[in-house]
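Visitor: Model the following, please.
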Amino acid sequence: MVLAEDEVLLREGMASLLERSGFEVVGQGGDASELIELVREHRPELAVVDIRMPPTHSTEGLDAARVIREEAPETAILVLSAHIEVEHAMDLLAGGERSGYLLKSRVANVGEFIETLERIVKGGSDEKHVHSILGKLRLPATEDDQRRVLAVITFLDAR
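Guide: Next comes the predicted model:
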C-alpha cells in the first residue's frame, strides 16, 4: 500500500501501525504529486489518502485519488479527512467498490480500521459510512434503492 498524509507524525504513525498489522507500506508521500508517482511506480493494492494536502490544503488528495482511479483502477482507495467533506468525495465513492471515506476523528478502534482497509482491498466499500453519507444527503432507502445514483446527481447539481 501507499500512504499520503502531509502531517509527518501522523503519516509515520499510520505507516508503523499498518505495518505492525500486516500491511506492506511500499511508499509514503506528503503531497498529491508524490502520491501519484508512488502509485505509478508501485501499483499498490491500496492507497490511503488525506483529502487536504499542500499546497492549498483544499482537495489535492481527492484530486489525486481521482487520477489514481482513472490510471490504476485496480488500486483500492481510502480517503481520510479531518473535516466532513462528503460532497467532494461523492463521485469517487458513488461506484461503491474498492473505495471508502473515513473521518480521522471517527477512527476509534484500530481493529475496525484495519478491517475497513481489508474490506476495501477485497472489493468492498466502507458501507456504514456510505449509508451515513446518503443520510446526510437526505436520500433514504427505498424499494428501488438507487440512492448512489441519486447521490451522484445531487453532487452534480451542487456543482
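Visitor: Okay, now the unreliable bits of this structure?
Guide: In the predicted model of the chain, residues 84-96, 125, 127-156, 158-159 satisfy pLDDT under 70.
Visitor: now the helices: where do they sit in the chain?
Guide: 8-20, 32-42, 60-71, 86-93, 110-121, 127-136, 147-158 (DSSP state H).
Visitor: Please name the spatially closest residue to the residue nearest the centre of the chain (chain neighbours excluded).
Guide: With distances taken as C-alpha atoms, centre = their mean, the residue of the chain nearest its centroid is residue 79 (2.0 Å). Spatial nearest neighbour of residue 79, chain neighbours left out: residue 101 (4.9 Å); criterion: C-beta to C-beta, 6 or more residues apart in numbering. Heads up, the C-betas are built off the backbone N, CA and C, glycines and all.
Visitor: what's around residue 4, how many residues?
Guide: Neighbours of residue 4 under the rule other C-beta atoms under 10 Å: 29.
Visitor: That one: what's it in contact with?
Guide: 11, 28-32, 34-35, 38, 47-50, 53, 61, 64 (C-beta atoms under 8 Å, 6 or more residues apart in numbering).
Visitor: and if you look at residue 38?
Guide: Residues counted as contacts of residue 38 (C-beta under 8 Å, 6+ apart) are 2, 4, 26, 27, 28, 29, 44.
Visitor: what bridges to the residue nearest to the centre of the chain?
Guide: Beta-bridge partners recorded for residue 79 (DSSP bridges): residue 49, residue 101.
Visitor: does it really touch residue 61, like I thought?
Guide: Yes: in this structure residue 79 lies within contact range of residue 61 using C-beta atoms under 8 Å: 7.0 Å.
Visitor: Find residues that contact each of those two.
Guide: Counting by C-beta under 8 Å, 6+ apart, the residues touching both residue 79 and residue 61 are 49, 50, 51.
Visitor: Let's have those residues in TSV, adding neighbour count and distance to residue 71.
Guide: Output for those, formatted as TSV (neighbours: other C-beta atoms under 10 Å; distance: C-beta to C-beta, whole Å):
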residue	neighbour count	distance to residue 71
49	27	14
50	29	19
51	23	19
